[in-house]
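1. coordinates only, sequence not included:
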């Protein structure tokens, strides 16, 4: 197999269009390949070779670069001063000189080498371009087309790039169909392997936050801010919001008129996922009460303050008939409230603490009755005693 340089130039232009890579970039890739091919066919492994592709004449200029030295130790990369001056009269020790070769085609071995180098460099260049294109899109919502659904993996395409959504990044119980377009969060880029691969997500808190940002323009202006999100995807989420603007109701703003905004988010994550919008507060007692989504909180006691490194501890008392509601099915409500606020929350009903109070009151009553009885007995004794 031989490569005709003029045919190679035609291939160059075709590749630039097909791969959507700049012609100059592909030009450079082919020159690197031709230098490697010439080294393989005519030179030596360690030689410093560069190639210049002449598009107008359909030829390649090869330049072998030598270091000018007083005493040659490696003739593949070095040249004596005397020999260097034959190539360039003003050559001096410490400089380099170039030996020129002109070729219009490559032999079979060199052609095969050139082909391998071109394909490898094209893959690397495509990878670099894709990484640069999507690097700045990490953490944003994109539209993906599902191409394959496996038990533990959903494969997608976004433009020219392949993406995967592992089970851990999905919304549990959600059905995916080949050809379906879904909104996903670009979580990260997997740089390993022959091709870069996008890691996509629909189940984390960032995805939920970004969905609200698209529905609530007040978030873009900063009038309303989501402070915290706790989420069990596909089941329930709690979103804590606040506002620094007077007369702005952050909860109502996120919910929207007739619930349209929160409903739009629910349509995306699935109706099965209940979304609680609650008011954030820098007072942990008020925040915990709000996070539990209950109007029947009797008291909240902070036992240990939360820090950035460790969770705090809080005790909440609710009416007995509200205990199961406050805890939630399988502890879900209190668990999400804890994640949201940063506190381990212990919920008890008022009946559980009442016996202690009642017992204390009964004890005091008994003491009082005993004291009164003793006083009466003493009075009676004094009255019955004979006068002296």
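-> Okay, I see it. What you are looking at is a predicted structure, and each value in this text was computed from that prediction instead of being measured.
2. name the element residue 101 belongs to?
-> strand 96-103 (DSSP states H and E).
3. tell me where this protein has helices.
-> Per DSSP state H, the chain carries helices over the ranges 5-18, 23-41, 81-87, 108-135, 205-215, 217-221, 250-255, 260-269, 284-291, 323-327, 332-341, 350-384.
4. correct me, but residue 126 touches residue 18?
-> No - applying Cβ atoms under 8 Å, one finds residue 126 not in contact with residue 18, separated by 10.8 Å. Every residue, glycine included, has its C-beta placed from N, CA and C.
5. the more surrounded of those two?
-> Set side by side, residue 126 and residue 18 show more neighbours around residue 126, with 17 against 8, by other Cβ atoms under 10 Å.
6. where in the stretch 251-388 of the chain is pLDDT low?
-> 354-388 (pLDDT under 70).
7. try it again with 90
-> Low-confidence segments of the stretch 251-388 of the chain (pLDDT under 90): 294-295, 351-388.
8. domain assignment for the protein?
-> Domain assignment of the chain by automatic domain parsing yields the ranges 3-134, 137-203, 206-350.
9. quick check: end-to-end length of the longest one?
-> Same thing as domain 206-350. Distance across domain 206-350, first residue to last, is 38 Å (Cα to Cα, to the nearest Å).
10. try the second one
-> With Cα to Cα as the measure, the first residue of domain 137-203 is 18 Å from its last.
11. model confidence over it, on average?
-> In this model, domain 137-203 carries a mean pLDDT of 93.
12. likewise stretch 76-85?
-> Stretch 76-85 comes out at a mean pLDDT of 94.
13. give me the number of residues near residue 129?
-> 17.
14. how about it: what's its closest non-neighbour residue?
-> Excluding the flanking residues, the one nearest residue 129 by Cβ to Cβ, 6 or more residues apart in numbering is residue 21, at 6.6 Å.
15. so that neighbour sits against residue 127, correct?
-> No - judged on Cβ under 8 Å, residue 21 makes no contact with residue 127 at a distance of 11.3 Å.
16. how much space between the residue nearest to residue 298 when sequence neighbours are not counted and residue 305?
-> Leaving aside its sequence neighbours, residue 298 sits nearest to residue 317 (Cβ to Cβ, 6+ apart; 4.4 Å). In this view, residue 317 and residue 305 are 19 Å apart by Cβ to Cβ, to the nearest Å.
17. higher neighbour count, these two?
-> Neighbour totals were compared for residue 317 and residue 305, and residue 317 leads with 19 against 12 (other Cβ under 10 Å).
18. roughly how far does the more buried one sit from residue 255?
-> As judged by Cβ to Cβ, residue 317 and residue 255 stand 29 Å apart.
19. picking up where we left off before, out of the helices of the chain, nearest to residue 99?
-> Proximity to residue 99 (Cβ to Cβ) singles out helix 81-87 among the helices of the chain, at 6.5 Å.
20. elements contacting the closest one?
-> Applying 3 or more Cβ pairs under 8 Å, 6 or more residues apart in numbering; DSSP states H and E, one finds that helix 81-87 contacts strand 59-69, strand 96-103.
21. which outside residues touch that helix?
-> 66, 68, 69, 70, 79, 91, 92, 93, 95, 97, 98, 99 (Cβ atoms under 8 Å, 6 or more residues apart in numbering).
22. once you drop chain neighbours, what's closest to the fifth one?
-> Just to be clear, that refers to residue 79. Spatial nearest neighbour of residue 79, excluding adjacent residues (Cβ to Cβ, 6+ apart): residue 66 at 3.8 Å.
23. residues contacting that neighbour?
-> Contacts of residue 66 by Cβ under 8 Å, 6+ apart are 48, 77, 78, 79, 84, 96, 97, 98, 99.
24. and it, what are its bridge partners?
-> Taking DSSP bridges, one obtains residue 97 as the residues bridged to residue 66.
25. any idea how far it lies from residue 38?
-> In terms of Cβ to Cβ, residue 66 sits 15 Å off from residue 38.
26. ok, and for stretch 31-45, which residues are buried?
-> Of the residues in stretch 31-45, 31-43 count as buried by neighbour count, 16 or more other Cβ atoms under 10 Å.
27. mean confidence score for it?
-> Average pLDDT, stretch 31-45: 82.
28. can you list the neighbours in contact with it?
-> 47, 49-53, 60, 62, 64, 76, 101, 103, 106-107, 109-111, 113-115, 117-118, 121.
29. give me the nearest residue to residue 198, chain neighbours excluded.
-> Residue 198's closest residue in space is residue 163 (Cβ to Cβ, 6+ apart), at 3.5 Å.
30. just read off the phi/psi values of the spatially closest residue to residue 242 that is not a sequence neighbour.
-> Nearest non-adjacent residue to residue 242, counting by Cβ to Cβ, 6+ apart: residue 280, 4.3 Å away. Main-chain torsions, residue 280, degrees, to the nearest 10: phi -80, psi 150.
31. can you check the one 3 residues further on too?
-> In this entry, residue 283 is assigned phi and psi values of phi -90, psi 110 (degrees, to the nearest 10).
32. which of the contacts of stretch 31-45 count as buried?
-> 47, 49, 51, 53, 60, 62, 64, 103, 106-107, 110-111, 113-114, 117-118, 121.
33. which residues does the most centrally placed residue in the chain contact?
-> By Cα atoms, centre = their mean, the chain has its centre lying nearest to residue 187, at 3.3 Å. For residue 187, the contacting residues are 138, 139, 169, 199, 200, 201, 204, by Cβ under 8 Å, 6+ apart.
34. among those residues, name the buried ones.
-> Going by neighbour count (16+ other Cβ under 10 Å), those have 169, 199, 200, 201, 204 buried.
35. surely residue 201 and residue 167 touch.
-> No - counting by Cβ under 8 Å, residue 167 is not a contact partner of residue 201; they are 11.3 Å apart.
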